[in-house]
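Trainee: sequence below, structure please.
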Amino acid sequence: MSSSATLRRRGAKWFQLEMRGSRGAISSECESRCYLLQQEKRFNGKRFFTSERPDPFARRPNQICDPYGQGGKPLSLEDSKQLLLMLDEGWELDCDGEDTPKALFREYHHRDYIRASVFISKIAAVGDLNNHYPTISLERKLLSREKRWEITTTIRCHTVTLAGLSRNDFHVAMLIDVEAARPEISQLLFEYET
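Mentor: Here you go, the predicted structure:
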């Protein structure tokens, strides 16, 4: 190797070491200046932001999230009644004395608690796969007139963000109807003779 190449290599190494050392001095000086600037910008415990360090909350979203395409409003009673015609019998609207329905619900009856629990797991899978979760409740009621116990699963579809119903609730209700009609699921249900 020639002596000029060795000198260049040594020179490059020396330059790197020198820069590394000076960079450390520059960075520590810069950190101390930044700390002083931060201390100067504090006022009554609040920090003011500059163009070098912008406010992280300055760019807030200015549009309302509307994932259901309804303008942030729940379905009206007329629209809900029209969509209710597409579902199986048994689904009802929970209007609660108002013009807009709050929920869509249906009750299913079972012979025993275990079958009802299996049914709930199947319905929960429908909600999970569609990323729209109905409220599911399991209840054992005493019917005093008939002198028997009744195991009931109640499914309530509603959209919390709209405080009412969306078309997605009716879609999930339709998928629950399809799931409940499957032979292995329909044997978990019990229809009382009237």
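
Trainee: pretty sure residue 162 sits against residue 71.
Mentor: No. Between residue 162 and residue 71 there is no contact under CB atoms under 8 Å: 9.8 Å. Heads up, the C-betas are built off the backbone N, CA and C, glycines and all.

Trainee: can you list the buried residues in the one helix or strand residue 140 maps to?
Mentor: Residue 140 belongs to strand 135-143 when assigned by DSSP states H and E. Under the neighbour-count criterion of 16 or more other CB atoms under 10 Å, strand 135-143 has residue 136 buried.

Trainee: let the chain start at 34 from now.
Mentor: Sounds good: first residue 34 from here, last item strand 168-176.

Trainee: can you show me the CA trace of it as CSV?
Mentor: Extracted in CSV, the C-alpha atoms of strand 168-176 (Å, rounded to 0.1, in the frame of the first residue of the first chain):
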residue,chain,number,x,y,z
THR,A,168,-76.2,-6.5,23.3
ILE,A,169,-76.9,-10.1,24.2
SER,A,170,-78.5,-11.1,27.5
LEU,A,171,-79.4,-14.5,28.9
GLU,A,172,-82.2,-14.7,31.5
ARG,A,173,-84.1,-17.4,33.4
LYS,A,174,-87.6,-16.2,34.2
LEU,A,175,-90.3,-17.7,36.3
LEU,A,176,-93.7,-17.7,34.6
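
Trainee: and the next helix or strand after it, what does it pack onto?
Mentor: Following strand 168-176 in sequence order, the next helix or strand is strand 181-190 (DSSP H and E). Applying 3 or more CB pairs under 8 Å, 6 or more residues apart in numbering; DSSP states H and E, we find strand 181-190 packed against strand 136-143, helix 146-162, strand 168-176, helix 200-214.

Trainee: could you dump those to a markdown table with distance to residue 111?
Mentor: Below are the helices and strands packed on strand 181-190 laid out as a markdown table (distance: least, CB to CB, whole Å):
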| stretch | distance to residue 111 |
| --- | --- |
| strand 136-143 | 15 |
| helix 146-162 | 26 |
| strand 168-176 | 24 |
| helix 200-214 | 14 |
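
Trainee: can I get the ones you listed in CSV with distance to residue 191 and mean pLDDT?
Mentor: Output for the helices and strands packed on strand 181-190, formatted as CSV (distance: least, CB to CB, whole Å; pLDDT from 0 to 100):
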stretch, distance to residue 191, mean pLDDT
strand 136-143, 4, 95
helix 146-162, 12, 95
strand 168-176, 7, 92
helix 200-214, 6, 94
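
Trainee: so which of these comes closest to residue 112?
Mentor: Residue 112 lies closest to helix 200-214 among those, at 8.5 Å (CB to CB).

Trainee: how about the closest one: buried residues?
Mentor: Going by neighbour count (16+ other CB under 10 Å), the buried part of helix 200-214 is 201, 202, 203, 205, 206, 208, 209, 210, 213.

Trainee: what's the closest of the residues you listed to residue 130?
Mentor: Distances from residue 130 to the buried residues of helix 200-214, taken by CB to CB, are shortest for residue 202, at 19.7 Å.
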